[in-house]
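>>> Just a sequence and a predicted model for now, questions to come.
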Amino acid sequence: MTPSATVDVGGLSDFVQPYRTLFRDRRLFTAFEAAVSGILASGSTRLAQMARVAPGTGASPHAERRLRRLVHHQHQRSDLSADTLLEHIQAQGAARVAGSDEVVVVLDGSDLRKPHSQVLEHLDTVRDLKGQPVAGYRTLNAIGLTPDGRQTLLYHTLYSALAPGFTSENTVVLQALAQITRALRAAGVLRIIFVLDRGFDRLRILHRLRRLRVDFVIRVKHLDRNVRLQPTGETQPLHGAMHRADVSYRFELSRPVRQGKRVVWRPTRTELQAQHLWLDDGRLPVKAVQLSFPTRTAGEDTPWTLLTSLPVGPGVDAGQVVRLYLRRWTIEDVFSWTKTALGWEDVQVLDYEALRTLVALSWVAAAYVFTLGESVDSPAVRLLAHLGGYVPHKNRPPGKKTLLLGLQRLTAAALTAQAAWRPDLPSGIAVLNAILGRL
């Protein structure tokens, strides 16, 4: 019997079982599982690369065509789409944190850049790492963090302002907040804290968070917005109101600083100021915390101003607010990992809905790798960790990068074994001996 390239270490088949409801044909579900496995094994969302390593398809000339038909919704017996995948990602993510006393939700956007593309459908304009406009799409994603260190994916969507039916970016964010809150509350989560970056401090978003009765920490972008001070009722711009506050604490903060594509954590002298404010002509009470960095390093002394629903002020430890905001950088690592290790910027299908589906499939693959980290004591996961180069450490379990690398190396070994059974290819041992003979 010819060996198969199927690699199910870690229980991928069990992980994708909830998605079975999207298919009314067993063969279509098998193709879906092959697509997810193909993304994991190839580290790419290019259909040709996925097809070469997907289980049972490596030798088939029709494998890529089958995957293409799947993501282009060309089957009447399939309900696969970006939206239905989101429903399952969210349900699985909420189930993993069910019953938690507290979940911190980091919600942020990440641009999918396609600078050399011209014919992709509804191609939008985004910013590159230097802030210059390039072609691409926008995504909005959320991960949930629990006090005991668990991480889970809770939301993903890809959108374009040029797509039919698009209303506004505000609408996308408001819908995400409501869906995430509803899913976590249905899972019995007692307390939800949203941590958001600059650009999410718009009044409609702040009012929605209040109505949802969740806590929040948001970094301010609109520093020129007029606010009212408590208890005097005096009105002035936010940046002026924060400069008037007394310095409550001085401490050293390990602060993330961007250096090109990398983020470096640097110890920084920090001063903290706090104010109670009203926004929106006195209709929205919030607390504001400003972190100032009296440093001489050029370009790194811009203060951070945070809006929060959490208690701050004299006699109250505002460190909780600071620590929560620093957890926002967790999602930056996730974006970097998914773009490089799972290749969701490699996507090349022209149809907009197919593109959304294919990128959502990469987030299904990412969610699977997140679950691997919760079973590090199993022999299968220990094997992946070993193949990924993990050095055992009692206080440092293998990370998702290590586990995915191990999975990809295991798949490469399976493909090599499979090639040994193909009469039209030389055996792996023969090729290796030929290479070594030339060294």
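That came through fine. Residues are numbered from 1 along each chain as shown.

>>> which residues of this protein score low on pLDDT?
Low-confidence regions of the chain, defined here as pLDDT under 70, cover residues 1-10, 55-61, 260-261, 295-301, 313-317, 372-401, 403-404, 406-439.

>>> just the strands in this structure please.
Listed in chain order, the strands of the chain (DSSP state E) span residues 102-113, 124-127, 133-145, 151-159, 191-196, 215-219, 226-229, 235-237, 247-259, 262-279, 284-292, 304-308.

>>> contacting residues for Arg258?
With Cβ atoms under 8 Å, 6 or more residues apart in numbering as the criterion, the residues that contact Arg258 are Val264. All C-beta spots, glycine's among them, are computed from the backbone N, C-alpha and C.

>>> Now render the strands of the chain as a markdown table, adding distance to Ala63.
Listed next are these as a markdown table, based on distance: least, Cβ to Cβ, whole Å:
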| stretch | distance to Ala63 |
| --- | --- |
| strand 102-113 | 25 |
| strand 124-127 | 31 |
| strand 133-145 | 27 |
| strand 151-159 | 25 |
| strand 191-196 | 41 |
| strand 215-219 | 46 |
| strand 226-229 | 59 |
| strand 235-237 | 60 |
| strand 247-259 | 41 |
| strand 262-279 | 37 |
| strand 284-292 | 53 |
| strand 304-308 | 50 |
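
>>> Please determine how far Thr157 is located from Met242.
Distance from Thr157 to Met242, counting by Cβ to Cβ, to the nearest Å: 34 Å.

>>> can you check Thr357 too?
45 Å.

>>> Out of the strands of the chain, which gets nearest to Asp83?
Closest to Asp83 of the strands of the chain, according to Cβ to Cβ: strand 151-159, at 8.2 Å.

>>> Specify the angle between that closest one and strand 133-145 in degrees.
In this structure, strand 151-159 runs at an angle of 150 degrees to strand 133-145, with axes from the mean of the first three to the mean of the last three Cα atoms, to 10 degrees as the basis.

>>> CA atoms of strand 151-159 as PDB?
Listed in PDB are the C-alpha atoms of strand 151-159, where the atom choice follows Å, rounded to 0.1, in the frame of the first residue of the first chain:
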ATOM      1  CA  GLN A 151      -5.400  31.900  24.500                       C
ATOM      2  CA  THR A 152      -8.200  31.400  22.000                       C
ATOM      3  CA  LEU A 153      -9.400  32.900  18.700                       C
ATOM      4  CA  LEU A 154     -12.800  34.600  19.000                       C
ATOM      5  CA  TYR A 155     -13.300  36.600  15.800                       C
ATOM      6  CA  HIS A 156     -12.100  37.100  12.300                       C
ATOM      7  CA  THR A 157     -13.400  39.000   9.300                       C
ATOM      8  CA  LEU A 158     -11.900  40.300   6.100                       C
ATOM      9  CA  TYR A 159     -13.600  43.300   4.500                       C
END
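
>>> so how far is it from its chain's centroid?
Its chain's C-alpha centre and that of strand 151-159 lie 6 Å apart, by Cα atoms, centre = their mean, to the nearest Å.

>>> Which other helices and strands does it contact?
For strand 151-159, the helices and strands in contact under the criterion 3 or more Cβ pairs under 8 Å, 6 or more residues apart in numbering; DSSP states H and E are helix 82-96, strand 102-113, strand 133-145, helix 169-186, helix 352-372.

>>> ok, and the closest non-adjacent residue to Arg185?
The shortest distance from Arg185 to any non-neighbouring residue, by Cβ to Cβ, 6 or more residues apart in numbering, is to Ile192 (7.6 Å).

>>> Which residues are in contact with the one you found?
Taking Cβ under 8 Å, 6+ apart as the definition of contact, the neighbours of Ile192 are 102-103, 105, 180-181, 184-185, 214-215.

>>> picking up where we left off before, quick one: which of the strands of the chain is nearest Arg68?
The closest approach between Arg68 and any of these, judged by Cβ to Cβ, belongs to strand 151-159 at 18.4 Å.

>>> List the contacts of the closest one.
Residues external to strand 151-159 that are found in contact with it (Cβ under 8 Å, 6+ apart): 82, 86, 89-90, 92-94, 96-97, 105, 107, 112, 137-145, 166, 172, 176, 179-180, 183-184, 330, 355-356, 359-360, 363, 366-367, 370, 373.

>>> Noted, bye for now.
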